[in-house]
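> sequence? don't have it. structure:
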């Protein structure tokens with residue numbers, strides 16, 4: 001009789017264990033899924049996350065700035081110097097001044113890579129006059145906005161661009177930038193605006209307008225914006 005009772009108890013325990021197993025399995029599975037999903041990046045946002053690549057910043061002299069612009073505009077250094085030497089009130093699209101970007105002020109070239117396609121990543125360029133004392137930085141004004149069509153590492157065959165590049169100083173340490181337009185494989189490009197100068201301080205947007213008198217082989221439409229901070 002005692003053996004029969006023990007067998008009955010053992011059978012009962014087995015039934016209870018098996019009846020609880022599915023619930024335990026489901027709970028374990030649910031916990032595992034929750035733990036896994038809690039750190040997952042939303043795949044729907046990957047396109048937005050990948051729009052902007054690396055950002056580089058370099059200090060440069062006004063002479064180096066002129067040399068870079070001469071290459072971009074495909075002009076001689078003297079022709080470029082003459083363009084920038086014109087009075088800011090003239091009709092020249094390139095009129096600007098180096099005044100104020102000396103002493104405790106430095107010129108900075110901020111390059112913000114745009115991942116238009118895997119194998120084409122031009123960069124928005126913002127040239128600023130920035131106050132610098134020790135490790136402290138503060139934006140004074142935007143010298144010019146531009147577009148490096150060859151990319152940060154000069155590793156891409158430049159496309160032509162039709163559209164707008166803008167920037168605005170939001171605070172002493174924050175700067176908003178924007179790019180919007182179409183890229184083409186070939187074409188004849190013109191640039192107007194983009195120059196800030198000493199009057200373009202906080203709250204004033206500086207824009208460069210890129211036009212095409214001829215274009216062929218549409219490549220990609222691109223729109224992107226963001227904020228760059230000194231700290």
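Cool, got the structure. In this text, all values refer to a predicted model and were calculated from it rather than measured experimentally. Residues are numbered from 1 along each chain as shown.
> can you report how many residues neighbour residue 63?
Using other Cβ atoms under 10 Å, residue 63 has 11 neighbouring residues. To be clear about C-beta, it is placed using only N, CA and C from the backbone, and glycine gets the same treatment.
> wasn't it part of a helix?
Yes - applying DSSP: H, G, I helix; E, B strand; the rest coil, one finds residue 63 inside a helix.
> per-residue pLDDT, residue 76?
At residue 76, the predicted lDDT confidence score is 91.
> where in this structure is the helix or strand with the lowest mean pLDDT?
helix 2-37 (a mean of 41; mean pLDDT, DSSP states H and E).
> beta partners of residue 175?
residue 169, residue 228 (DSSP bridges).
> now do it against residue 102, distance only.
Distance of residue 175 to residue 102, computed by Cβ to Cβ, to the nearest Å: 21 Å.
> give the other helices and strands that the regular element (helix or strand) spanning residue 179 contacts.
For residue 179, the host element (DSSP states H and E) is strand 174-193. Secondary-structure packing of strand 174-193 (3 or more Cβ pairs under 8 Å, 6 or more residues apart in numbering; DSSP states H and E): strand 105-114, strand 123-133, strand 136-148, strand 160-169, strand 205-229.
> got the angle for the third one vs strand 123-133?
If you take axes from the mean of the first three to the mean of the last three Cα atoms, to 10 degrees, strand 136-148 sits at 160 degrees to strand 123-133.
> buried residues in stretch 171-186?
175-179, 181-184 (16 or more other Cβ atoms under 10 Å).
> with stretch 60-78 instead?
62, 65-66, 68-70, 72.
> and the pLDDT for the residue nearest to residue 207 when sequence neighbours are not counted?
Distances taken as Cβ to Cβ, 6 or more residues apart in numbering put residue 166 closest to residue 207, at 4.2 Å, once the chain neighbours are dropped. Per-residue pLDDT puts residue 166 at 95.
> then residue 208?
The model reports residue 208 with a pLDDT of 91.
> for it, list each beta-bridge partner.
For residue 208, the beta-bridge partners are residue 165, residue 193 (DSSP bridges).
> tell me who's in contact with it.
Contact partners of residue 208, counting by Cβ atoms under 8 Å, 6 or more residues apart in numbering, are 144-147, 164-166, 191-194.
> give the buried subset of those as a PyMOL selection command.
The buried residues among the contacts of residue 208 can be selected in PyMOL (16+ other Cβ under 10 Å) with this line:
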select buried, resi 144+145+146+147+164+165+166+191+193+194
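> okay if I get the contacts of residue 208 as a markdown table plus distance to residue 120?
Shown next, in a markdown table, are these (distance: Cβ to Cβ, whole Å):
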| residue | distance to residue 120 |
| --- | --- |
| 144 | 23 |
| 145 | 20 |
| 146 | 17 |
| 147 | 13 |
| 164 | 19 |
| 165 | 16 |
| 166 | 21 |
| 191 | 19 |
| 192 | 24 |
| 193 | 24 |
| 194 | 22 |
